[in-house]
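**Student:** below are the sequence and a predicted model for it; my questions follow.
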Amino acid sequence: MVQVGSQGAVEPDSIKPLKGRLMADVNRGNRPLSPHLSIYRPQWTSITSILVRITGNALIVAALLIVWWFVAAASGPEAFATADGVIRSWFGKLVMFGSIWALWYHSLGGLRHLVWDSGRMLDVDKSEMAGQMMVVLSVILTIFTVIVL
Amino acid sequence: MAFLTDRKRATGTGSAKSGTHHHWQMMVTSVALLVLIPFFVFTFGAILGAPYEEVIAYYQRPFPAVVAILTMLVGFFHFRLGVQTLIEDYVHGLARKAAIIGMICLSYAAAAFAVFAIIRIAL
(Lines give C-alpha, C1' and ligand atoms only; values in the text may rest on other atoms or scores of the structure.)
Protein backbone atom coordinates (compact mmCIF):
# COMPACT_ATOMS: atom_id res chain seq x y z
CA MET A 1 0.00 0.00 0.00
CA VAL A 2 1.19 3.47 -0.81
CA GLN A 3 0.79 5.60 2.26
CA VAL A 4 1.95 9.09 1.58
CA GLY A 5 2.45 11.28 4.60
CA SER A 6 1.95 8.69 7.33
CA GLN A 7 5.06 9.55 9.28
CA GLY A 8 5.63 8.97 12.98
CA ALA A 9 4.80 5.28 13.22
CA VAL A 10 3.96 3.80 16.62
CA GLU A 11 6.36 1.06 17.60
CA PRO A 12 4.88 -2.10 19.07
CA ASP A 13 6.59 -3.09 22.36
CA SER A 14 7.42 -6.51 20.97
CA ILE A 15 10.00 -5.21 18.52
CA LYS A 16 11.70 -2.79 20.88
CA PRO A 17 14.39 -5.27 22.01
CA LEU A 18 15.37 -5.76 18.37
CA LYS A 19 15.85 -2.08 17.74
CA GLY A 20 19.61 -2.07 18.17
CA ARG A 21 20.07 -4.88 15.69
CA LEU A 22 17.34 -4.13 13.18
CA MET A 23 17.19 -0.38 13.16
CA ALA A 24 16.26 -0.23 9.50
CA ASP A 25 13.36 -2.66 9.97
CA VAL A 26 11.60 -0.97 12.89
CA ASN A 27 9.33 1.17 10.77
CA ARG A 28 8.92 -1.22 7.87
CA GLY A 29 5.39 -1.35 6.54
CA ASN A 30 4.32 1.82 8.27
CA ARG A 31 6.55 4.48 6.81
CA PRO A 32 5.86 6.56 3.70
CA LEU A 33 7.07 5.06 0.47
CA SER A 34 8.58 7.04 -2.35
CA PRO A 35 5.88 8.23 -4.75
CA HIS A 36 5.02 5.69 -7.40
CA LEU A 37 4.43 6.36 -11.06
CA SER A 38 0.66 6.12 -10.82
CA ILE A 39 0.41 9.08 -8.44
CA TYR A 40 3.39 11.06 -9.66
CA ARG A 41 2.85 13.94 -12.07
CA PRO A 42 4.92 13.37 -15.23
CA GLN A 43 7.75 15.87 -15.50
CA TRP A 44 10.52 16.47 -18.05
CA THR A 45 13.10 15.20 -15.57
CA SER A 46 11.27 11.97 -14.68
CA ILE A 47 10.06 11.08 -18.18
CA THR A 48 13.43 11.73 -19.86
CA SER A 49 15.15 9.68 -17.12
CA ILE A 50 12.78 6.72 -17.54
CA LEU A 51 13.29 6.89 -21.31
CA VAL A 52 17.07 6.62 -20.81
CA ARG A 53 16.50 3.32 -18.99
CA ILE A 54 13.99 2.03 -21.57
CA THR A 55 16.14 2.96 -24.59
CA GLY A 56 19.33 1.55 -23.04
CA ASN A 57 17.82 -1.83 -22.29
CA ALA A 58 15.77 -2.02 -25.49
CA LEU A 59 18.98 -1.60 -27.50
CA ILE A 60 19.76 -5.26 -26.71
CA VAL A 61 17.41 -6.24 -29.58
CA ALA A 62 19.40 -4.36 -32.23
CA ALA A 63 22.69 -5.36 -30.57
CA LEU A 64 21.85 -9.07 -30.80
CA LEU A 65 20.66 -8.62 -34.41
CA ILE A 66 24.03 -7.03 -35.25
CA VAL A 67 25.95 -9.82 -33.48
CA TRP A 68 23.96 -12.35 -35.52
CA TRP A 69 24.80 -10.36 -38.69
CA PHE A 70 28.55 -10.49 -37.89
CA VAL A 71 28.47 -14.20 -36.98
CA ALA A 72 26.55 -14.93 -40.20
CA ALA A 73 29.07 -12.93 -42.25
CA ALA A 74 31.89 -14.93 -40.67
CA SER A 75 30.05 -18.21 -41.39
CA GLY A 76 29.58 -17.75 -45.14
CA PRO A 77 27.43 -16.31 -47.93
CA GLU A 78 24.30 -18.42 -47.24
CA ALA A 79 24.14 -17.60 -43.52
CA PHE A 80 24.89 -13.96 -44.32
CA ALA A 81 22.02 -13.80 -46.82
CA THR A 82 19.59 -14.97 -44.12
CA ALA A 83 20.75 -12.53 -41.40
CA ASP A 84 21.15 -9.65 -43.86
CA GLY A 85 17.66 -10.36 -45.20
CA VAL A 86 16.15 -10.17 -41.70
CA ILE A 87 17.96 -6.90 -40.82
CA ARG A 88 16.88 -5.36 -44.16
CA SER A 89 13.27 -6.60 -43.98
CA TRP A 90 10.56 -4.12 -42.96
CA PHE A 91 10.72 -5.53 -39.43
CA GLY A 92 14.51 -5.23 -39.28
CA LYS A 93 14.41 -1.72 -40.69
CA LEU A 94 11.82 -0.72 -38.08
CA VAL A 95 14.04 -2.11 -35.30
CA MET A 96 17.15 -0.41 -36.71
CA PHE A 97 15.38 2.93 -37.22
CA GLY A 98 14.00 2.88 -33.68
CA SER A 99 17.38 1.82 -32.36
CA ILE A 100 19.16 4.73 -34.06
CA TRP A 101 16.92 7.13 -32.15
CA ALA A 102 17.28 5.04 -28.95
CA LEU A 103 21.07 5.03 -29.35
CA TRP A 104 21.35 8.81 -29.80
CA TYR A 105 18.84 9.48 -27.03
CA HIS A 106 20.60 7.10 -24.62
CA SER A 107 24.00 8.59 -25.52
CA LEU A 108 22.72 12.08 -24.77
CA GLY A 109 21.26 10.71 -21.52
CA GLY A 110 24.67 9.29 -20.61
CA LEU A 111 26.28 12.62 -21.42
CA ARG A 112 23.76 14.31 -19.12
CA HIS A 113 24.70 11.87 -16.34
CA LEU A 114 28.40 12.65 -16.81
CA VAL A 115 27.61 16.38 -16.59
CA TRP A 116 25.52 15.77 -13.46
CA ASP A 117 28.32 13.65 -11.95
CA SER A 118 30.65 16.62 -12.35
CA GLY A 119 28.24 18.63 -10.17
CA ARG A 120 26.91 20.78 -12.99
CA MET A 121 23.37 21.49 -14.27
CA LEU A 122 21.71 20.05 -11.18
CA ASP A 123 19.17 22.88 -10.78
CA VAL A 124 15.59 21.99 -11.68
CA ASP A 125 15.32 24.46 -14.57
CA LYS A 126 18.68 23.40 -16.04
CA SER A 127 17.81 19.70 -15.67
CA GLU A 128 14.49 20.26 -17.41
CA MET A 129 16.22 22.17 -20.20
CA ALA A 130 18.75 19.34 -20.58
CA GLY A 131 15.87 16.86 -20.91
CA GLN A 132 14.20 18.97 -23.58
CA MET A 133 17.54 19.28 -25.39
CA MET A 134 17.92 15.48 -25.30
CA VAL A 135 14.57 14.99 -27.03
CA VAL A 136 15.22 17.65 -29.68
CA LEU A 137 18.85 16.68 -30.34
CA SER A 138 18.07 12.94 -30.51
CA VAL A 139 15.42 13.59 -33.19
CA ILE A 140 17.79 15.85 -35.16
CA LEU A 141 20.62 13.28 -34.91
CA THR A 142 18.25 10.50 -36.02
CA ILE A 143 17.11 12.47 -39.08
CA PHE A 144 20.76 13.32 -39.86
CA THR A 145 21.81 9.65 -39.55
CA VAL A 146 18.98 8.42 -41.77
CA ILE A 147 19.83 11.04 -44.43
CA VAL A 148 23.58 10.29 -44.36
CA LEU A 149 23.27 6.49 -44.35
CA MET B 1 38.74 -3.13 16.97
CA ALA B 2 41.29 -0.56 18.07
CA PHE B 3 43.36 -1.28 15.02
CA LEU B 4 40.52 -0.55 12.60
CA THR B 5 40.03 2.94 11.24
CA ASP B 6 36.52 4.42 11.25
CA ARG B 7 36.43 4.18 7.49
CA LYS B 8 37.39 0.51 7.53
CA ARG B 9 34.60 -0.29 9.99
CA ALA B 10 32.04 1.55 7.85
CA THR B 11 33.07 0.11 4.47
CA GLY B 12 30.57 -2.36 3.06
CA THR B 13 27.96 -1.94 5.79
CA GLY B 14 25.61 0.30 3.81
CA SER B 15 22.38 -1.15 2.44
CA ALA B 16 23.92 -1.66 -1.00
CA LYS B 17 27.23 -3.09 0.46
CA SER B 18 29.18 -1.61 -2.43
CA GLY B 19 28.44 0.39 -5.52
CA THR B 20 31.02 3.03 -6.28
CA HIS B 21 32.95 0.58 -8.45
CA HIS B 22 29.83 -0.19 -10.48
CA HIS B 23 29.22 3.53 -10.93
CA TRP B 24 32.85 4.18 -11.89
CA GLN B 25 32.76 1.41 -14.50
CA MET B 26 29.55 2.94 -15.89
CA MET B 27 31.28 6.33 -16.17
CA VAL B 28 34.33 4.86 -17.94
CA THR B 29 32.27 2.80 -20.41
CA SER B 30 29.93 5.77 -21.02
CA VAL B 31 32.83 8.03 -21.97
CA ALA B 32 34.31 5.32 -24.19
CA LEU B 33 30.97 4.70 -25.90
CA LEU B 34 30.41 8.42 -26.52
CA VAL B 35 33.47 8.18 -28.80
CA LEU B 36 32.89 4.67 -30.17
CA ILE B 37 29.17 4.88 -30.96
CA PRO B 38 29.33 7.63 -33.63
CA PHE B 39 32.25 5.81 -35.30
CA PHE B 40 30.37 2.50 -35.19
CA VAL B 41 27.07 3.94 -36.45
CA PHE B 42 28.72 5.54 -39.47
CA THR B 43 31.04 2.63 -40.32
CA PHE B 44 28.52 -0.19 -39.79
CA GLY B 45 25.73 1.89 -41.30
CA ALA B 46 27.84 2.62 -44.36
CA ILE B 47 28.31 -1.06 -45.24
CA LEU B 48 24.93 -2.42 -44.09
CA GLY B 49 22.99 -3.30 -47.23
CA ALA B 50 26.09 -4.05 -49.33
CA PRO B 51 26.64 -7.49 -50.93
CA TYR B 52 28.50 -10.24 -49.02
CA GLU B 53 31.87 -9.76 -50.76
CA GLU B 54 31.91 -6.02 -50.08
CA VAL B 55 31.00 -6.55 -46.41
CA ILE B 56 33.88 -9.04 -45.98
CA ALA B 57 36.34 -6.71 -47.74
CA TYR B 58 35.15 -3.76 -45.64
CA TYR B 59 35.68 -5.54 -42.31
CA GLN B 60 39.13 -6.70 -43.40
CA ARG B 61 40.19 -3.06 -43.05
CA PRO B 62 41.66 -2.30 -39.60
CA PHE B 63 39.62 0.78 -38.69
CA PRO B 64 36.05 -0.53 -39.20
CA ALA B 65 37.02 -3.89 -37.64
CA VAL B 66 38.65 -2.41 -34.52
CA VAL B 67 35.80 0.10 -34.06
CA ALA B 68 33.31 -2.79 -34.26
CA ILE B 69 35.30 -4.99 -31.84
CA LEU B 70 35.68 -2.21 -29.27
CA THR B 71 32.02 -1.18 -29.60
CA MET B 72 30.86 -4.75 -29.03
CA LEU B 73 33.20 -5.32 -26.05
CA VAL B 74 32.55 -2.02 -24.29
CA GLY B 75 28.88 -1.92 -25.33
CA PHE B 76 28.01 -5.34 -23.95
CA PHE B 77 29.96 -4.66 -20.74
CA HIS B 78 28.02 -1.40 -20.36
CA PHE B 79 24.78 -3.31 -21.00
CA ARG B 80 25.73 -5.95 -18.43
CA LEU B 81 26.10 -3.22 -15.79
CA GLY B 82 22.98 -1.32 -16.81
CA VAL B 83 20.67 -4.31 -17.03
CA GLN B 84 21.86 -5.41 -13.57
CA THR B 85 20.60 -2.10 -12.14
CA LEU B 86 17.31 -2.57 -13.99
CA ILE B 87 16.87 -6.09 -12.58
CA GLU B 88 17.81 -4.99 -9.06
CA ASP B 89 15.09 -2.34 -9.20
CA TYR B 90 12.21 -4.54 -10.41
CA VAL B 91 12.98 -8.22 -9.70
CA HIS B 92 13.28 -9.72 -6.23
CA GLY B 93 14.41 -12.90 -4.51
CA LEU B 94 15.76 -15.89 -6.39
CA ALA B 95 14.43 -14.55 -9.70
CA ARG B 96 16.68 -11.51 -9.26
CA LYS B 97 19.82 -13.62 -8.92
CA ALA B 98 18.77 -15.86 -11.81
CA ALA B 99 18.03 -12.85 -14.05
CA ILE B 100 21.32 -11.11 -13.21
CA ILE B 101 23.37 -14.27 -13.81
CA GLY B 102 21.46 -14.95 -17.04
CA MET B 103 21.98 -11.44 -18.41
CA ILE B 104 25.69 -11.39 -17.45
CA CYS B 105 26.14 -14.69 -19.32
CA LEU B 106 24.17 -13.37 -22.31
CA SER B 107 26.24 -10.16 -22.41
CA TYR B 108 29.62 -11.89 -22.33
CA ALA B 109 28.47 -14.57 -24.78
CA ALA B 110 27.20 -11.98 -27.25
CA ALA B 111 30.44 -10.00 -26.97
CA ALA B 112 32.51 -13.16 -27.48
CA PHE B 113 30.49 -14.21 -30.56
CA ALA B 114 30.78 -10.71 -32.05
CA VAL B 115 34.54 -10.39 -31.43
CA PHE B 116 35.24 -13.91 -32.74
CA ALA B 117 33.16 -13.26 -35.86
CA ILE B 118 34.78 -9.89 -36.63
CA ILE B 119 38.30 -11.25 -36.13
CA ARG B 120 37.46 -14.24 -38.36
CA ILE B 121 36.20 -11.88 -41.09
CA ALA B 122 39.19 -9.59 -40.70
CA LEU B 123 41.89 -12.25 -40.83
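**Tutor:** Cool, the structure landed. All values derive from a computational prediction rather than experimental measurement.
**Student:** any regions of chain B where pLDDT drops low?
**Tutor:** Across chain B, the ranges flagged by pLDDT under 70 are B:1, B:16.
**Student:** could you redo the last one with a cut-off of 90?
**Tutor:** For chain B, the stretches with pLDDT under 90 are B:1-21, B:49.
**Student:** which is the next helix or strand following the helix or strand encompassing A:Leu65?
**Tutor:** Taking DSSP states H and E as the definition, one finds A:Leu65 inside helix A:44-75. Once the chain leaves helix A:44-75, the next helix or strand it forms, by DSSP H and E, is helix A:77-87.
**Student:** touching chain B at all, that following helix?
**Tutor:** Yes: between helix A:77-87 and chain B, judged by C-beta under 8 Å from any C-beta of the partner chain, the touching residues are A:77, A:80-81, A:84, A:87. Backbone N, C-alpha and C define where each C-beta goes, glycine included.
**Student:** quick check, nearest of those to A:Asp125?
**Tutor:** A:Ile87 (42.1 Å; C-beta to C-beta).
**Student:** ok, the closest one touching A:Trp69?
**Tutor:** Yes: counting by C-beta atoms under 8 Å, A:Ile87 does reach A:Trp69; the two are 5.7 Å apart.
**Student:** of these two, who's got more company?
**Tutor:** A:Trp69 (24 against 20; other C-beta atoms under 10 Å in any protein chain shown).
**Student:** for that one, what are its contacts?
**Tutor:** A:80, A:83-84, A:87, B:48 (C-beta atoms under 8 Å, 6 or more residues apart in numbering or on different chains).
**Student:** what's the pLDDT at it?
**Tutor:** In this model, A:Trp69 is scored at 96, pLDDT.
**Student:** ok, A:Lys19 next?
**Tutor:** Taking A:Lys19 on its own, its pLDDT is 50.
**Student:** ok, A:Gln7 next?
**Tutor:** For A:Gln7, pLDDT reads 45.
**Student:** same check on A:Gly29?
**Tutor:** So, for A:Gly29, pLDDT stands at 66.
**Student:** find residues that contact each of A:Ile87 and A:Trp69.
**Tutor:** Common neighbours of A:Ile87 and A:Trp69 (C-beta under 8 Å, 6+ apart) are B:Leu48.
**Student:** buried among the residues of helix A:77-87 next to chain B? Need that as a selection in ChimeraX.
**Tutor:** Per 16 or more other C-beta atoms under 10 Å in any protein chain shown, the buried members of the residues of helix A:77-87 next to chain B correspond to this ChimeraX selection:
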select /A:80,84,87
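**Student:** pick the one among the residues of helix A:77-87 next to chain B closest to A:Val135.
**Tutor:** Nearest member of the residues of helix A:77-87 next to chain B to A:Val135, counting by C-beta to C-beta, is A:Ile87, at 27.0 Å.
**Student:** what about chain A, any weak spots by pLDDT?
**Tutor:** For chain A, the ranges with pLDDT under 90 are A:1-43, A:45-46, A:148-149.
**Student:** for chain B, what are the nearby residues on it?
**Tutor:** Residues of chain A lying near chain B (C-beta under 8 Å from any C-beta): A:24, A:53, A:56-57, A:59-60, A:63-64, A:66-67, A:69-71, A:73-75, A:77, A:80-81, A:84, A:87-88, A:96, A:100, A:103, A:107, A:110-111, A:113-114, A:117, A:145, A:148-149.
**Student:** make a markdown table out of the contacts of A:Trp69 and add distance to A:Val124.
**Tutor:** Rendered in a markdown table, the data for these read as follows (distance: C-beta to C-beta, whole Å):
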| residue | distance to A:Val124 |
| --- | --- |
| A:Phe80 | 51 |
| A:Ala83 | 47 |
| A:Asp84 | 47 |
| A:Ile87 | 42 |
| B:Leu48 | 41 |
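**Student:** between the residues you listed, which is nearest B:Gly102?
**Tutor:** Checking those one by one against B:Gly102 (C-beta to C-beta), the nearest turns out to be A:Ala83, at 23.7 Å.
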